[in-house]
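K.L.:
what's the 3D shape of this:
(2 chains)
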Amino acid sequence: MITIENLTKYYGSNRAVNDISFTINDNEILGFLGPNGAGKSTTMNMITGYLPLSGGKVTINGVDISKAPIKAKKDIGYLPEIPPLYPEMKVKEYLRFCAGLKGIPFRKRGEEVDRVMELLSITDVKGKLIRNLSKGYKQRVGFAQALLGDPKFLILDEPTVGLDPNQVIEVRNIIRDLKKDHSVIFSSHILSEVSEICDRVVIINKGDIRAIDTIENLESSLSTGLVLHIKVKGEKGTAASIIELTKGVKEMLDITDEGSSIFSFTVQLEGDADEIRGNIMSELLKNNVNILEIYTERPNLENVFIELINRPVQKQSLQELLAEMESEAPEEDDTTEDTKEEN
Amino acid sequence: MFPIYKKELQSFFYTPFAYTITALFLLLFTYMISTKVADLDSNLAIFSYTEVFYNVIIYFIFLIPLLTMRTFADERKFGTEVLLMTSPVSVLKIVLGKFFANVTVFLFMIAGTIIFPIITSQYGNVVESQLKCAYIGFFLWGTMFICVGMLISSMTESSIIAAVIGELIMFAFLFLDDFSRTAFISQYPKLQSVLMAFAAQPRFAYFSAGFIRLSDIVFFISAIIVLLSWTYISIEKKRWKRG
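P.N.:
You can find the predicted model right below:
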């Protein structure tokens, strides 16, 4: 288990990571999500012991990374954002060097290197200079390096960047397989990827944690209601007015004419979706409008993500709340004055 | 430590680097010997290997920074520093691994010069004891400047800047004793003695004259230890400042 407590990082006076805490359980894939510059890489660099912490504590399996770095680092495989490769080395040579760095006994190195090359299907380029490899191969060589020595925790900073769609699927499958006896922290700004393989996600923006939860909980907890799609055959006006007037319909988002009097409606719902859908269906049938297709859709993760990162940070302590109220107070005064003037 | 040492050696010897720099050094060394031999016609000239060594060290102002410039600067440039820093290897071992690799290439460079005394001994006499002293002095002197070069390399991301600054510092060190003997500095004997204490050149001169003095050995070894510690500190400091 990796525990991160009150992790903070300052670059000069600039705060890059602000007092974040979370844990990575055993056999879990944790997605680390955030826009560019959110502090993802900085956090990962601190967890792996590359960057010193400005504040807080990181423990890897009970070992404090600041106090016993060598011991803690033995359990970590790290693939940084830019794969750390020596362009003038050959792939196998490089991996053997990394195996040595990680303290794998001399006799087992060859076996271990072959294992990771096989796993990431880079055996065919083992004799090539890293300089001459394509971006996808370089990325995979970097990934192979992180897997050497079978460390318990894998920290992967955007591992699928630069891979073609086939390779992306391969790498995702590898990560899924690794879950059996590893924990993985996986950063990305590609949402579909995270929602597909991660058990939980941590969403951060500007150094603050915006949410830590499972994908399902995040999606359902958001205020954005469900969206209903209906495809009907009949008169456009009748169908539209029935749908609009049904209780629980918040907004008509889109109407498309698909020809031969077939129309598609996209509707934003509010409240109990099943009931609303039932009402709409019965009303439409009463008025002889044929329903060709009807389904409700959850808001996609994209919306969740955008809403979460734009949402103001939740204030945890009373003091913070009070401080905020104080700073807001004069603004309220201004508005009341304005309204008075208007009156 | 050993994997880093091995990797560094590979980067020197699997590329033309070590061979090119050695060839350049031997060319300069041979040129120096051949001019000395040519001078033998005039009766005043005395030929001695130690003198050749003494004359040849000026070339190292350019060669040693070339050798050490990439040590840490390139790791930073290619982003491989992350790999070293997140591996279960201490920074001290990283510094030592790289130090020994640089020293090995330096030994490779000076090993090529042994051929000249061997050839000479076939036809005449070589004062072996003096030659050994000169080699020891040469080795210690070069090793100290390898440490200077590594220190500079640990401070920058550009290997070119590392080389140029290294050359400047070596240049300053080489002429420190000349500078401290100037009339201006002689006015302040205390300052003069401090500057003289730091001058490596006269200490090397003792070695090349065939003296092994304990104070000189202590000077070089302590300089090496201090410079390596500074390199270590500089890397740690860079980590803290990284943004």
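K.L.:
I figured residue B:77 hits residue B:157, correct?
P.N.:
Yes. Using CB atoms under 8 Å, residue B:77 is in contact with residue B:157, at 5.7 Å. (Glycine included, C-beta is placed from N, CA and C.)
K.L.:
so for residue A:337, what's the pLDDT?
P.N.:
Note for residue A:337: predicted pLDDT of 43.
K.L.:
helix, strand, or coil at residue A:161?
P.N.:
With DSSP: H, G, I helix; E, B strand; the rest coil as the basis, residue A:161 sits in coil.
K.L.:
again, but for residue A:212
P.N.:
Each residue gets one of three states, and residue A:212 gets strand by three-state DSSP.
K.L.:
how deep is it tucked in, by neighbour count?
P.N.:
By the criterion of other CB atoms under 10 Å in any protein chain shown, residue A:212 has 17 neighbours.
K.L.:
repeat that for residue A:90.
P.N.:
Number of residues near residue A:90 (other CB under 10 Å) recorded here: 19.
K.L.:
okay, and the common contacts of residue B:77 and residue B:157?
P.N.:
Common contact partners of residue B:77 and residue B:157 (CB atoms under 8 Å, 6 or more residues apart in numbering or on different chains): none.
K.L.:
can you name the residues that contact the closest residue to chain B within chain A?
P.N.:
Per CB to the nearest CB, residue A:100 is where chain A lies closest to chain B, at 2.9 Å. By CB under 8 Å, 6+ apart, residue A:100 lies in contact with A:106, A:109, B:2, B:3, B:6.
K.L.:
roughly how far does it sit from residue B:137?
P.N.:
35 Å (CB to CB, to the nearest Å).
K.L.:
near chain A, which residues of chain B are found?
P.N.:
With CB under 8 Å from any CB of the partner chain as the criterion, chain B comes near chain A at residues B:2-4, B:6-7, B:10-11, B:14-15, B:78-90, B:239-240, B:242-243.
K.L.:
what about 7 Å?
P.N.:
Neighbours of chain A within chain B, by CB under 7 Å from any CB of the partner chain: B:3, B:7, B:10-11, B:15, B:78-80, B:82-83, B:85-90, B:239-240, B:242-243.
K.L.:
quick check: PyMOL command selecting the buried ones in those residues.
P.N.:
Applying 16 or more other CB atoms under 10 Å in any protein chain shown to the residues of chain B next to chain A leaves a buried subset, and the PyMOL line that selects it is:
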select buried, chain B and resi 3+7+10+11+78+80+82+83+85+86+87+88+89+239
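K.L.:
restricted to helices, list the residues of chain B next to chain A.
P.N.:
Cross-referencing the residues of chain B next to chain A against helices under DSSP state H gives B:3, B:7, B:10, B:11, B:82, B:83, B:85, B:86, B:239, B:240.
K.L.:
surely residue B:59 and residue B:26 touch.
P.N.:
No. The pair residue B:59 and residue B:26 does not pass the contact test of CB atoms under 7 Å, sitting 10.7 Å apart.
K.L.:
Three-state assignment for residue B:225, please.
P.N.:
Going by three-state DSSP: residue B:225 is helix.
K.L.:
now it: how far from residue A:126?
P.N.:
From residue B:225 across to residue A:126, the span is 41 Å (CB to CB).
K.L.:
need the contact list for residue A:94.
P.N.:
Residue A:94 is in contact with A:85, A:86, A:130, A:141, counting by CB atoms under 7 Å, 6 or more residues apart in numbering or on different chains.
K.L.:
most surrounded residue in the residues you listed?
P.N.:
Among these, residue A:141 has the most neighbours (other CB under 10 Å), with 27 neighbours.
K.L.:
buried set for the lowest-mean-pLDDT helix or strand in chain B?
P.N.:
Counting by mean pLDDT, DSSP states H and E, the weakest-scoring helix or strand in chain B turns out to be helix B:49-56, with a mean of 77. Neighbour-count burial for helix B:49-56 flags B:49, B:50, B:52, B:53, B:54, B:55, B:56 (criterion: 16+ other CB under 10 Å).
K.L.:
check which helices and strands it is in contact with.
P.N.:
helix B:17-39, helix B:128-153, helix B:201-208 (3 or more CB pairs under 7 Å, 6 or more residues apart in numbering or on different chains; DSSP states H and E).
K.L.:
let's see 10 Å
P.N.:
In terms of contacts (3 or more CB pairs under 10 Å, 6 or more residues apart in numbering or on different chains; DSSP states H and E), helix B:49-56 is packed against helix B:17-39, helix B:115-123, helix B:128-153, helix B:201-208.
K.L.:
adding mean pLDDT, write those helices out as a markdown table.
P.N.:
What follows is the helices and strands packed on helix B:49-56, written out as a markdown table (pLDDT from 0 to 100):
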| stretch | mean pLDDT |
| --- | --- |
| helix B:17-39 | 87 |
| helix B:115-123 | 85 |
| helix B:128-153 | 88 |
| helix B:201-208 | 80 |
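K.L.:
buried deepest among those helices, which one?
P.N.:
Of the helices and strands packed on helix B:49-56, the one with the most neighbours on average (mean count of other CB atoms under 10 Å in any protein chain shown) is helix B:128-153, at a mean of 22.
K.L.:
pLDDT of the next helix or strand after it, averaged?
P.N.:
Downstream of helix B:128-153, the first helix or strand assigned by DSSP states H and E is helix B:159-174. Confidence for helix B:159-174, expressed as mean pLDDT, is 89.
K.L.:
state the mean pLDDT of the helix or strand hosting the residue of chain A closest to chain B.
P.N.:
Residue A:100 is located in helix A:91-101, with elements delineated by DSSP H and E. The average pLDDT within helix A:91-101 is 91.
K.L.:
cool, and stretch A:202-216?
P.N.:
For stretch A:202-216, mean pLDDT is 81.
K.L.:
what comes up buried for it?
P.N.:
Neighbour counts over stretch A:202-216 (16+ other CB under 10 Å) mark A:202, A:203, A:204, A:205, A:206, A:207, A:208, A:209, A:210, A:211, A:212, A:215 as buried.
K.L.:
ok, stretch A:89-108 next?
P.N.:
Buried residues in stretch A:89-108, counted by 16+ other CB under 10 Å: A:89-102, A:104.
K.L.:
show me where the stretch 151-300 of chain A has strands.
P.N.:
Using DSSP state E, counting those that start in this stretch, the strands assigned to the stretch 151-300 of chain A run over residues A:153-157, A:183-188, A:200-205, A:208-213, A:227-233, A:249-257, A:262-269, A:290-297.
K.L.:
if we can go back for a sec, immediately after the helix holding residue A:100, which helix or strand?
P.N.:
Counting by DSSP H and E, what follows helix A:91-101 is helix A:106-119.
K.L.:
picking that back up, tell me the one of the buried residues of helix B:49-56 nearest chain A?
P.N.:
Using CB to the nearest CB, the buried residues of helix B:49-56 come closest to chain A at residue B:56, 29.9 Å.
K.L.:
what sits against the closest one?
P.N.:
For residue B:56, the contacting residues are B:25, B:28, B:29, B:31, B:32, B:33, B:63, B:110, B:113, B:138, by CB atoms under 10 Å, 6 or more residues apart in numbering or on different chains.
K.L.:
next: residue A:67.
P.N.:
With contact taken as CB under 10 Å, 6+ apart, residue A:67 is in contact with A:57, A:59.
K.L.:
how much space between it and residue A:60?
P.N.:
The value you get for residue A:67 to residue A:60, if CB to CB is used, is 11 Å.
K.L.:
residue A:237 now?
P.N.:
To residue A:60, residue A:237 is 65 Å away according to CB to CB.
K.L.:
of these two, who's got more company?
P.N.:
Neighbours were counted for residue A:237 and for residue A:60 using other CB under 10 Å; residue A:60 has more, 26 against 8.
K.L.:
got a list of what the more buried one touches?
P.N.:
With contact set as CB under 10 Å, 6+ apart, residue A:60 has these partners: A:1-4, A:24, A:47-49, A:68-69, A:71-76, A:151-153.
K.L.:
for it, give the beta-bridge partners.
P.N.:
For residue A:60, the beta-bridge partners under DSSP bridges are residue A:2, residue A:63.
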